[in-house]
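In: Fold the following and give me the result.
(one chain, ligands or ions: 1)
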Amino acid sequence: MKPRTPKKEQRADVTSVETSTQRAKSERRAPERTCVGCGLHDDASAMLRLVVADDEIAFDLAGGAFGRGAHVHARPDCLAKAPRGVARSFKRDPKVGPRELAERLVAACDRRMTGLLLAARRTGAVVWGADATLDAIRAGAPLAIVAVDAASVAQTAEVRGAVAEGRAIAWKTKDELGSVLGQPAVAVCAIRHEGIAGELRGLRAAAVAAVDAMTREGGECSRRPEAR
Ligand SMILES: [Zn+2]
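Out: Below is the predicted model of the structure:
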């Protein structure tokens, strides 16, 4: 019995060393940052980057913008608290309220998404037109973009299935999608590139969270008289 015990212990030690090494490696790959909204640590990749330069706060969604950086979760609560968090960590008045910051995020998401869709067009990673798009969805395309005024195509079994699977987003009007893709009007298109699709999904979710943050802000204002 006695000789076995040290062996077991040694084995246990080796395992724990390997585990902590693997943990250290994965931490290096995904740097942690503090959210200026909720104050919790999280992977930087799970948050949006803000830059503060010349007393202006901007969202750096493409990455690489100059200025002092901060991170925030794309969640309504975190976005609403972000201006105060920036004021605390940068020790200066951000000169922007939660509503204006949320508006900036919606605009920044729209610009970045337009850039990604143009990139998808240049590289042949997007197909448009109802037939080509529905074929692509059936073939497993990672994302469908449905124009907000495209009621009939939104009712097709393919698009409804893609919505249920989280493979579809509603964004822009038919005319707006068309102008990005160099067409008169586009009701629906499909992205065939996983990376672009993933980034578009994340940006759309961030914009929705920003709109939610704005609605809550308005809700709080209207509740104030009752609280008194
Ligand atoms: Zn947060």
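
In: show me the contacts for the residue most central in space within the chain.
Out: Centroid-nearest residue in the chain: Gly202, 2.9 Å away (criterion: Cα atoms, centre = their mean). Gly202 makes contact with Ala74, according to Cβ atoms under 8 Å, 6 or more residues apart in numbering. In short, each C-beta sits where N, CA and C put it, glycine included.

In: cool, Gly69 as well?
Out: Shown in contact with Gly69 (Cβ under 8 Å, 6+ apart): 49-52, 60.

In: Just give me the least confident of the residues you listed.
Out: Minimum pLDDT for those is recorded at Val52 (85).

In: Could you pick out the residues of this structure near the ion for me?
Out: 35, 37-38, 73, 78 (Cβ under 5 Å from the ion).

In: and of those residues, the nearest to Pro94?
Out: Set against Pro94, the nearest of the residues of the chain next to the ion by Cβ to Cβ is Gly37 (12.7 Å).

In: Pretty sure the closest one sits against Ala82.
Out: Yes. Using Cβ atoms under 8 Å, Gly37 makes contact with Ala82 at a distance of 4.9 Å.

In: Spell out which residues are contacts of both of these two.
Out: Taking Cβ under 8 Å, 6+ apart as the criterion, Gly37 and Ala82 both touch Val72.

In: per-domain residue ranges of this protein.
Out: Using automatic domain parsing, the domain ranges for the chain come out as 28-96, 110-205.

In: Out of these, name the one with the poorest average pLDDT.
Out: Among the domains of the chain, domain 28-96 scores lowest, at a mean of 89.

In: How far does that domain sit from its chain's centre?
Out: A distance of 14 Å separates the centroid of the chain from that of domain 28-96, by Cα atoms, centre = their mean, to the nearest Å.

In: Stretch 189-209 now?
Out: With Cα atoms, centre = their mean, you get 8 Å for stretch 189-209.

In: got the buried residues for it?
Out: 189-193, 196-197, 199-204, 206-209 (16 or more other Cβ atoms under 10 Å).

In: Check stretch 153-160 too.
Out: Buried-residue list, stretch 153-160, by 16+ other Cβ under 10 Å: 153-154, 156, 158-159.

In: What ranges does the chain have for its helices?
Out: 4-29, 76-90, 98-122, 130-138, 151-154, 157-164, 174-181, 194-227 (DSSP state H).

In: Quick check, Ala130 in contact with Val186.
Out: No. Between Ala130 and Val186 there is no contact under Cβ under 8 Å: 9.7 Å.

In: Comparing the two, which residue is more hemmed in?
Out: Val186 (25 against 17; other Cβ atoms under 10 Å).

In: Which one of the domains of the chain lies nearest to Thr215?
Out: domain 28-96 (8.1 Å).

In: now the closest residue to Gly115 other than its chain neighbours: how far from Arg84?
Out: Once flanking residues are discounted, Gly115 sits nearest to Ala62: 7.3 Å by Cβ to Cβ, 6 or more residues apart in numbering. Using Cβ to Cβ, to the nearest Å, Ala62 is found at 26 Å from Arg84.

In: same question, Arg33
Out: Counting by Cβ to Cβ - Arg33 and Arg84 are separated by 18 Å.
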